[in-house]
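Student: Sequence and predicted structure are below.
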Amino acid sequence: MDGVTVIDHPLVQHKLTIMRKKETSTAGFRRLLREISTLLCYEVTRDLEMTMETIETPLQEIQSPVLEGKKLVFASILRAGNGLLEGMLELVPSARVSHIGVYRDHDTLQAVEYFFKAPDDIAERLIIVVDPMLATGNSAIAAIDKLKERGAHNIRFLCLLAAPEGIKSFRKHHPDVRVYTASIDSHLNENGYIVPGLGDAGDRMYGTK
């Protein structure tokens with residue numbers, strides 16, 4: 001699909017398969033989500049801009065590459081986004097963190113905002129928005145709407161699973177935001193869940209259902 005990168009690394013796909021299994025425990029699901037998020041983060045940051053810095057090794061002075069510009073912002077869509085956030089911060093511990101509270105109304109399937117906190121200078125930073133599922137797309141669309149309202153313009157969206165319907169809606173609203181995912185599943189069911197999917201990521205991660 002246009003504007004979508006599917007991360008098909010063998011380790012990502014293997015861990016995702018175990019996460020899909022209904023018998024995977026809460027502890028196992030949480031551990032796997034943290035592990036897979038580190039791998040996904042590696043891919044979504046693959047093309048970050050670099051610059052050269054003069055350093056001294058124990059043997060000599062050299063020009064060596066470092067990241068250019070201000071540090072990243074990882075924007076977690078609460079609550080399930082925090083599962084991806086933990087593994088990503090292990091890889092990029094200096095990243096700034098934004099939290100965006102939106103929940104899906106189960107009757108209308110629309111996103112309702114209840115919390116937003118982000119660095120003041122997000123207009124100057126690359127924002128990677130994270131949420132395990134891109135189902136209807138409403139929560140992701142609303143979260144990125146809020147970021148753009150506050151000046152953000154360099155944004156990427158990272159998820160574990162995506163539905164074709166969610167991708168279509170997301171790309172319609174935010175054609176400038178590239179989507180990174182480990183899988184594009186078949187479809188949404190009548191309740192707005194991804195099929196075959198892995199269930200509700202938040203409930204499986206926190207053992208709330």
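Tutor: Sure thing, it's come through.
Student: all helices for the protein, in order.
Tutor: For the chain, helices defined by DSSP state H occupy the ranges 10-20, 26-44, 81-91, 138-149, 164-173, 201-206.
Student: what's in contact with the longest one?
Tutor: Spelled out, it's helix 26-44. With contact meaning Cβ atoms under 8 Å, 6 or more residues apart in numbering, helix 26-44 is reached by 5, 7, 9, 11-12, 15-16, 18-19, 24, 83-88, 90-92, 128, 130, 132, 156, 158, 160, 180, 182, 201, 204-207. (Glycine included, C-beta is placed from N, CA and C.)
Student: Now do it: distance to the chain's middle.
Tutor: 11 Å (Cα atoms, centre = their mean, to the nearest Å).
Student: That one relative to helix 10-20, how many degrees between them?
Tutor: Angle, helix 26-44 to helix 10-20, by axes from the mean of the first three to the mean of the last three Cα atoms, to 10 degrees: 150 degrees.
Student: Now do the buried residues in helix 26-44.
Tutor: 29-41, 43-44 (16 or more other Cβ atoms under 10 Å).
Student: which of the residues you listed lies closest to residue 58?
Tutor: Residue 58 has its nearest neighbour among the buried residues of helix 26-44 in residue 38, at 29.4 Å by Cβ to Cβ.
Student: so what's residue 99 bridging to?
Tutor: Legend: beta-bridge partners of residue 99 under DSSP bridges are residue 76, residue 117.
Student: That one - how many residues pack around it?
Tutor: 17 (other Cβ atoms under 10 Å).
Student: which residues does the spatially closest residue to residue 82 that is not a sequence neighbour contact?
Tutor: Spatial nearest neighbour of residue 82, excluding adjacent residues (Cβ to Cβ, 6 or more residues apart in numbering): residue 76 at 5.2 Å. Counting by Cβ under 8 Å, 6+ apart, residue 76 touches 82, 84-85, 97-100, 130-131.
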